[in-house]
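> pasted the sequence and its predicted model underneath.
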Amino acid sequence: MKYKKLFNQQKAIRFRQFSRKGYALFACLGRVVTIGVLSVATLRSAAATSDSLSVVGVSSAKGAEVVGDTLVDKEATLADVEVTGSRAPLALGQAVRMVTVLSREEIQAAPVHSINDLLKMAVGVDVRQRGPMGAQTDIGIRGSTQEQIAVLLNGINICDPQTGHNTFDLPCDLSDIVRIEVLEGPAGRVFGTSSLQGAINIVTSLPPAPSTRRGSKAEVRLEGGSFGYLSAAGSINFSPLFGGVGGSLSASYTRSDGYQRSKAGALNSDYAGAKAFYQGGYHTDNIRLSWHAGVTTKGFGSNTFWSAKYDEQYEKTTKIYTAVQCDLRSGALHFRPAVYWNRSYDRFELMRGSEEKVPYNHHRTDVFGINMNSWFDWLPADEAVRDFQMRTALGAEFRNEDIVSTNLGEPLNEPFNKYKVGLNRSNLSFHLEHNIILRRFTLSAGFIAAKNTWAEMPFTLYPGVDASVRLADGLKLYASYNSSLRMPSFTELYYSVGGHQADKHLKPEELRAVEGGVKYEHLSGAGQSICGIKAVRLQAAIFHHHARNMIDWVMDTREADPIWKSVNHTRINTLGEEATANLQLSRFNFQLNYCHLHQQKQQAENYLQSQYSLEYLRHKFTARLQMPLAKRLSLSVGYRWQDRMGKYTDTAGDVQDYHPYSIVDARLSWTSDTYNIYIDGNNLTNYRYVDYGNVLQPGCWVKAGITINW
């Protein structure tokens, strides 16, 4: 088939100048400098990154009393810190595109069980949960499906080409994560062709530089709670050894009996999983080498995830992640090569433990990739002017995706074990980006050219341009145009069992988007405040997405025996607005977020039920309050209201609308230098809601835990 183009609190020391000039303050140190940032506000905006931030680290809070001047004073210095913005690193104050950043402190303070739960508070993120604790969750951005966003681990693409349902089977524990970056809107030239409508980059702790004289640090966490929930985790971060090689190791185990039973009284929402993650690094003055390896395995009752007729479904997944990255400098040139390999195993049981009645689905997926990103400045460091700079980035990536399966793909020439069919495809892409930075203006423009062997797709260009104007200190206007594409997953192409009919001739999805917005940020100086306000961050945006050939599973309810079919929607337009407000007061932090979406589809679909594209969040409102109750006692409360479009068929065969619902979560914690004791309450109103199909979500869920560190 031919591809058709379809379009202990210390006083902070403040450094005002972080430039790379030879006479700059940090240049005299002759080493990499890590800037500690304590962020207590729930969400904030920063530069979009394709890899981890190059010089920004995160320090830990020691008690709830660390609120106020220290936060403001430290964050005020960030505007000149260089970060990896777009394909080439730019200073945070100069970067154009905005990304929501969840810091380590926010992660530790949040009443959540998993990364998936944490993302529910991000303004434009849609988290559709089938099972708690991250058993299986679909995550989209601005109306997208789980297939249409890129998920990265330390800048490495870990998207699962079999199905996006398993993408968030992450090997790292929450305690490993330094921050999570959420980029909204297409980002093909930044993150590659998987990022049709956005990207989520999960950044874990990097080993310290060899010159850092620190002992090893260890942490142990124990938790227990409702529905037989138990969890144990441990980690150790050791100082550089063996001539500069350092690293960290973590492992965890979690289990639960689940919150409901099948009609026969058997477990059908239980969960058990383990994960382990190792990250290492080697640093010199000119070379920064890092690597990671992880494994995660879990089994969970799938309830009625895929068919309302069977309520004892079960699934087990195992994933292996490996990657090596390098940052090196040769004169004015900077190189960042990376190589990675990921393997996934997936076993699905329609009737749990009854393979003789219904054969299991087995899949093994391998993804191998190699990429190179490089950049250079047009003016040498000793000639660069603070108010003018040009930086160019260019690079390429090769990614091969392979699957062997019992039912996904074409017949294998030599079947082996249980695998009879499979598919292999490769993607090659090149990117180029140029950045112009003036005193109050930044322009970033470029493109990605992509070619895929599937469907004989030729090289196709997807451009993008971002611009921002700093009208005054703290006030910025920005606008952007970006485009991207996504190849169909193997499931969308070939899953034709159990009431599903796939189309192996699906076209790639393509999307073009325009966005404009305004951001205002005011940070009071140390010891200063206006009416008790230490910091204010306001942001508003409006965006329009024009999408072609969007892939979905739909059911024609007019048919006598309807089945789910994978199809290309002819055209879908999305208009959306977002607004966020963050206030840091003397005693607490408060945040409000709102997102509204409206979709227009160019076909009569009132008789169709959709699993994904037609089921989007029309309204999402979140609020969060963080406040100290005593010297070491703090409270965090989160509220979320959602209204979803679309319909679903219940177990009785009746068509139902999705109903709006509200959720309240809270965490009460006592923090000292060496331990943290907390109690979490999720869904405190005990409201039983449906967010996907007929899978009823749990009511109130309570857990308690303790974290001890040395």
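That came through fine. Numbers count the residues shown, from 1 in each chain.
> shouldn't Gln408 be within a helix?
One correction, residue 408 is Leu, not Gln. No - with DSSP: H, G, I helix; E, B strand; the rest coil as the criterion, Leu408 is located in coil rather than a helix.
> end-to-end on stretch 623-641?
9 Å (Cα to Cα, to the nearest Å).
> so for that stretch, mean pLDDT?
For stretch 623-641, mean pLDDT is 93.
> pull the residues that contact that stretch.
Outside stretch 623-641, the residues that touch it by Cβ atoms under 8 Å, 6 or more residues apart in numbering are 40, 42, 63-65, 67, 109-111, 120-121, 587-593, 619-622, 660-672. In this view, the C-beta of every residue, glycine as well, is placed from N, C-alpha and C.
> return a PyMOL selection command for the buried portion of the residues you listed.
Those of these that count as buried under 16 or more other Cβ atoms under 10 Å are selected in PyMOL with:
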select buried, resi 40+42+63+64+67+109+110+111+120+121+588+589+590+591+592+593+620+621+622+661+663+664+665+666+667+668+669+670+671
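> in helices only, show me the contacts of stretch 623-641.
Per DSSP state H, helices hold the following members of the contacts of stretch 623-641: Ala109.
> three-state assignment of the residue lying closest to Met133 once chain neighbours are set aside?
Leaving aside its chain neighbours, Met133 sits nearest to His113 (4.7 Å; criterion: Cβ to Cβ, 6 or more residues apart in numbering). Three-state assignment for His113 (three-state DSSP): coil.
> helices or strands up against the helix or strand hosting Ala396?
Assigned by DSSP states H and E, Ala396 belongs to strand 388-405. Applying 3 or more Cβ pairs under 8 Å, 6 or more residues apart in numbering; DSSP states H and E, one finds that strand 388-405 contacts strand 361-377, strand 419-438, helix 490-494.
> and the gap between Ala455 and Pro508?
Distance from Ala455 to Pro508, counting by Cβ to Cβ, to the nearest Å: 8 Å.
> show me which of the two is the more surrounded one.
Set Ala455 next to Pro508 and count neighbours by other Cβ atoms under 10 Å: Pro508 wins out with 24 against 18.
> could you list which residues are in contact with the more buried one?
3, 452, 455, 457, 485-488, 549.
> what distance do you get for it to Tyr495?
In terms of Cβ to Cβ, Pro508 sits 18 Å off from Tyr495.
> any low-confidence regions in this structure?
The chain contains residues with pLDDT under 70 at 1-85, 91-95, 206-215, 239-244, 380-386, 525-532, 602-608, 612-613.
> nearest residue to the middle of it?
Nearest residue to the geometric centre of the chain (Cα atoms, centre = their mean): Ile200, 2.6 Å.
> who is that residue paired with across the strands?
Here Ile200 sits in beta bridges with Val151, Val182, going by DSSP bridges.
> relative to Ala547, how far out is the closest residue in space to Arg142 that isn't next to it in sequence?
With sequence-adjacent residues excluded and distances taken as Cβ to Cβ, 6+ apart, Arg142 is closest to Gly124, at 4.9 Å. Distance of Gly124 to Ala547, computed by Cβ to Cβ: 16 Å.
> repeat for Leu170
Counting by Cβ to Cβ, the separation of Leu170 from Ala547 is 28 Å.
> just Asp657 next, same as before
With Cβ to Cβ as the criterion, Asp657 and Ala547 are 24 Å apart.
> the more surrounded of the two?
Between Asp657 and Ala547, counted using other Cβ under 10 Å, Ala547 has the larger neighbour count: 26 against 9.
> element containing the more buried one, please.
Ala547 belongs to strand 533-556 when elements are defined using DSSP H and E.
> considering the contacts of Pro508, which possesses the most neighbours?
That'd be Arg486 among these, by other Cβ under 10 Å, with 27 neighbours.
> what's that residue sitting at in phi/psi?
Main-chain torsions, Arg486, degrees, to the nearest 10: phi -150, psi 140.
> which residues touch the residue nearest to it when sequence neighbours are not counted?
If the residues on either side of it in the chain are set aside, Arg486 comes closest to Leu196, at 4.2 Å by Cβ to Cβ, 6+ apart. Leu196 makes contact with 144, 148-149, 186, 188, 484-486, 509, 511 under the criterion Cβ under 8 Å, 6+ apart.
> of the contacts of Pro508, which belong to strands?
Of the contacts of Pro508, the ones assigned to strands by DSSP state E are 452, 485-486, 549.
> just the residues you listed now: which is nearest Thr100?
Set against Thr100, the nearest of the ones in strands among the contacts of Pro508 by Cβ to Cβ is Arg486 (21.5 Å).
> for the closest one, give me its contacts.
By Cβ under 8 Å, 6+ apart, the contact list for Arg486 reads 147-148, 193-194, 196, 508-509.
> quickly list what it is bridged to.
Glu509.
> from Gln197, how far off is it?
For Arg486 relative to Gln197 (Cβ to Cβ), the value is 9 Å.
> what do the two both touch?
Residues touching both Arg486 and Gln197 by Cβ under 8 Å, 6+ apart: Gln148.
> what about Glu410, how many neighbours?
Glu410, neighbours per other Cβ under 10 Å, totals 11.
> equivalent analysis for Asn686, please.
Neighbours of Asn686 (other Cβ under 10 Å): 9.
> these two touch, right, it and Cys700?
Yes - between Asn686 and Cys700 there is a contact under Cβ atoms under 8 Å: 4.2 Å.
> verify the stated contact: Asp346 with Asn166.
Yes - if you go by Cβ under 8 Å, Asp346 and Asn166 touch, sitting 6.4 Å apart.
> name the residues contacting each of those two.
Listed contacts common to Asp346 and Asn166 are Thr317; contacts here mean Cβ under 8 Å, 6+ apart.
> comparing the two, which residue is more hemmed in?
Asp346 (24 against 20).
> got the contact list for that one?
162-163, 166, 315-317, 361-365.
> in terms of helices and strands, where is it?
strand 333-349.
> which positions within that strand qualify as buried?
For strand 333-349, burial by neighbour count (16+ other Cβ under 10 Å) applies to 334-336, 338-344, 346-349.
> and the two most separated of these?
Among the buried residues of strand 333-349, His334 and Glu349 lie farthest apart (Cβ to Cβ), at 49.1 Å.
> the protein: helices as residue ranges?
Along the chain, counting by DSSP H, helices occupy 69-75, 104-109, 115-119, 188-191, 490-494.
> from one end of stretch 494-504 to the other, what's the distance?
Start-to-end, stretch 494-504 (Cα to Cα) is 6 Å.
> what residues does it touch?
Stretch 494-504 is contacted by residues 306-307, 350, 361, 405, 407-409, 421, 423, 491-493, 553, 563-567 when judged by Cβ under 8 Å, 6+ apart.
> report the buried members of the residues you listed.
Buried members of the contacts of stretch 494-504, scored by 16+ other Cβ under 10 Å, are 306, 350, 361, 405, 407-409, 421, 423, 491-493, 553, 564-567.
> okay but Thr442 is in contact with His434, surely?
No - with contact defined as Cβ under 8 Å, Thr442 does not reach His434; the gap is 11.6 Å.
> with neighbour numbers in mind, choose between the two.
Remark: of Thr442 and His434, Thr442 carries more neighbours, 25 against 16, as counted by other Cβ under 10 Å.
> distance-wise, check the more buried one relative to Val469.
Separation of Thr442 from Val469 (Cβ to Cβ): 8 Å.
> with Ser307 instead?
53 Å.
> spit out the contact partners of the nearest residue to Glu349 once chain neighbours are set aside.
Once flanking residues are discounted, Glu349 sits nearest to Tyr314: 4.3 Å by Cβ to Cβ, 6+ apart. Going by Cβ under 8 Å, 6+ apart, Tyr314 touches 299-302, 348-349, 352-353.
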